[in-house]
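Asker: Need the 3D shape of this:
(one chain, ligands or ions: 2)
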Amino acid sequence: MIGIWILGDQLSQSHPALLALEQQLGPSQARRQCRILLVESSSVLAWRRYHRQKLVLVWSAMRHFSAELHQAGWSVDHLETDRFSEALPGWISDHGIRQLQLMEPAERPFRGAIERLSLPIPVQWHASNAFLWSREDFAAWAQPYKQLRMELFYREGRRRFSVLMEGGTPLGGQWNYDQANRKAPPKGLQGPEPLTFEPDAITGDVIAKVERLAGELEAAGEPGLPGLSQPFHWGVTRGQALAVLEHFIATRLDGFGPYQDAMVGGQPTLWHALLSPYLNLGLLGPLEVIRRLEEAGQERGTPLASLEGVIRQILGWREYTHGLYWWFGADYPQRNHFAADRPLPPWLEGLGGSGMACMDTVLGELKASGYAHHIQRLMVLANYGLIAGLDPQAFTAWFHRLFIDGYDWVMQTNVLGMGLFADGGLLASKPYAASGNYINRMGTYCKGCQYNPKQRSGPQACPFNALYWDFLARHSDGLGRNPRMALVIKQLERIDAEELAAIRAAAAGHRGPGPSPG
Ligand SMILES: Cc1cc2nc3c(=O)[nH]c(=O)nc-3n(C[C@H](O)[C@H](O)[C@H](O)COP(=O)(O)OP(=O)(O)OC[C@H]3O[C@@H](n4cnc5c(N)ncnc54)[C@H](O)[C@@H]3O)c2cc1C
Ligand code: SF4
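Answerer: Ligands and ions are numbered 1, 2, ... in the order given. Take a look at the predicted model:
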């Protein structure tokens, strides 16, 4: 008997082991000669206290996927267990499994963990179908460059997969319409409603399980699970994920571009696609999403700036951050360019209570759904971590636990690299550091805040302002050598000494004593 172990983020009906077996033996023999295993392991909570919505999403999606495979005639064992190491040996001997097949995990630590199980049978690895670029292809592309840039990678992706191309040139004559996509939100901006789903009986059981586990941890005097498990509105099947894609096309694709960077209180999703949870679980494949967007966008006459804008996120950023994760190597997660050492403030774990309206709004939305959109992640959360000098490893781990779509491969480059510049510029050409001025221009939060985004010193001064100038002052030598930072360093030099001292004292008060324990 052949065993296929499908991991929780590989819920793809085009799983390469299933396809290969069907091709080799034919559909009915493949089903007779194979057993499929899914393991719902709660041991993950021993080292990561995930957001409750994320646990519900992943475990419910796994249960639905098992049921769908079973309906399609496969023999499926869905085990609930504390540890993989307990589940595997018994399953192998009970079913006379002589060879185990797996798809290559997207996360570096997982392959090692599987190899350390020292299973008594041979293991065959299949290349991943979760990304368009294999690690080898990415390495071959990256090799000649001294400095990698997403834009060049993205253009190569457009050519290679023939997306939005007219022969050898980009559709519309331009590769990138980013400049058209940075509009500040006008007063009263109202985005479309996202598609939501009510939990079915399977999801209801998983919600009950997650609440029980959270209760057991708390009863044992341990930290519980962050976030709320209900209301839960995410899709948990491929059918629902496809419905989210179609709903995005029908309601938000045409308007995706202009307000991509906008932040509006009470509207956590705006025109964003809400596709990352499904892409990252394997319920949707990146190429099918890109092709569908391209086809639908052209049929609808979607403005090219919007169509190109969303395709760049998936064909460009998603592939690029994954490719870099493997390209940068195993020591990337330890980088700490600014030697940042401040512990995480307690309101991050408590998901609110900072007193800053922007932060508390984003944290409140995150607490409810496990989601925040890109600019909230980058310019509120990560920006704060960067300018306050939070420990990058602790902050990356926080992102990983709290986000509905968080996985090791996407965390490292997005949080450490793009958000915190902890890699010293391997990913971004300059730190994404910003004062309250940016948040005020691109968002609506400041109107309801006790602080004033226009003040940089004094009791009402926005903490982002004090932290921003203090960050520039702390690192002015290094930042001054970056040509893209030269202008702001000049502005720093123009602040008079007395005001700078007051700003820095306020920042020091806000940052509190460091470093992190341990
Ligand atoms: C600090 C920080 C943390 C992040 N954490 C995650 C994370 O845990 N998981 C995650 O998938 N993405 C993460 N991102 C990237 C991006 O913010 C999310 O993919 C996006 O917000 C998901 O929401 P959406 O589907 O509505 O995306 P949209 O904004 O509508 O974009 C469409 C799709 O493009 C892809 N995409 C866009 N930008 C990126 C990117 N930088 N990296 C990878 N994929 C991208 C996603 O698949 C997304 O679904 C992070 C970015 C930052 C700056
Ligand atoms: S004033 Fe500062 S802290 Fe308050 S919402 Fe605006 S940017 Fe955030």
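Asker: Okay, domains of the chain per the record?
Answerer: According to automatic domain parsing, the chain comprises the domains 2-126, 135-196+233-328, 346-511.
Asker: Assign the residue nearest to residue 419 when sequence neighbours are not counted to helix, strand or coil.
Answerer: Spatial nearest neighbour of residue 419, chain neighbours left out: residue 382 (2.8 Å); criterion: CB to CB, 6 or more residues apart in numbering. From N, CA and C alone the C-beta is placed, and that goes for glycine too. Of the three states, residue 382 takes helix according to DSSP: H, G, I helix; E, B strand; the rest coil.
Asker: I'd say residue 382 and residue 421 touch.
Answerer: No. With contact defined as CB atoms under 8 Å, residue 382 does not reach residue 421; the gap is 9.4 Å.
Asker: I'd assumed residue 300 was in contact with residue 253.
Answerer: Yes. At 7.2 Å, residue 253 counts as touching residue 300 under the criterion of CB under 8 Å.
Asker: neighbour count winner among these two?
Answerer: Applying other CB atoms under 10 Å to residue 253 and residue 300 shows that residue 253 carries more neighbours, namely 23 against 13.
Asker: now the more buried one, nearest residue through space, not along the chain?
Answerer: Closest to residue 253 by CB to CB, 6+ apart is residue 302, at 5.5 Å.
Asker: Enumerate the beta-bridge partners assigned to residue 40.
Answerer: residue 80 (DSSP bridges).
Asker: and it, how far is that from ligand 1?
Answerer: 21 Å (CB to the nearest ligand atom, to the nearest Å).
Asker: can you give me phi and psi for residue 123?
Answerer: phi -120, psi 130 (degrees, to the nearest 10).
Asker: what's the burial count for it?
Answerer: Counted with other CB under 10 Å, residue 123 comes out at 14.
Asker: For it, give me its contacts.
Answerer: 99-102, 114 (CB atoms under 8 Å, 6 or more residues apart in numbering).
Asker: same thing but 7 Å
Answerer: Taking CB atoms under 7 Å, 6 or more residues apart in numbering as the contact definition, residue 123 lies against 100, 102.
Asker: So what touches stretch 282-292?
Answerer: Contacts for stretch 282-292 (CB under 7 Å, 6+ apart): 9-12, 14, 61, 129-132, 161, 163, 238, 241, 245, 275, 278-279, 311, 314-315, 318.
Asker: do you know how far residue 89 is from residue 114?
Answerer: Residue 89 sits 13 Å away from residue 114, going by CB to CB, to the nearest Å.
Asker: If I look at the residue nearest to residue 253, what pLDDT would I see?
Answerer: Residue 302 carries a pLDDT value of 96.
Asker: That one reaches residue 254, doesn't it?
Answerer: Yes. Between residue 302 and residue 254 there is a contact under CB atoms under 7 Å: 4.9 Å.
Asker: More neighbours: which of these two?
Answerer: residue 302 (22 against 16).
Asker: which residues are in contact with stretch 463-476?
Answerer: Under the contact criterion CB under 7 Å, 6+ apart, stretch 463-476 has outside partners 338, 356, 386-388, 433-436, 439, 451, 455-456, 479, 488-489, 492, 495, 500, 503-504, 506-507, 510.
Asker: Of the residues you listed, keep whichever come out buried.
Answerer: Buried by 16 or more other CB atoms under 10 Å: 338, 356, 386-388, 433-436, 439, 451, 456, 479, 488-489, 492, 495, 500, 503-504, 506-507, 510, out of the contacts of stretch 463-476.
Asker: Also within reach of ligand 2: list those from these.
Answerer: 356, 436, 439, 451 (CB under 6 Å from any ligand atom).
Asker: Tell me, how many residues neighbour the nearest residue to the third one once chain neighbours are set aside?
Answerer: Across the structure, with CB to CB, 6+ apart as the measure, the residue nearest residue 439 apart from its sequence neighbours is residue 358 (5.2 Å). Residue 358 is flanked by 30 other residues according to other CB under 10 Å.
Asker: ditto for residue 19
Answerer: Using other CB under 10 Å, residue 19 has 15 other residues around it.
Asker: a helix runs through it, doesn't it?
Answerer: Yes. Counting by three-state DSSP, residue 19 falls inside a helix.
Asker: Thanks a lot, catch you later.
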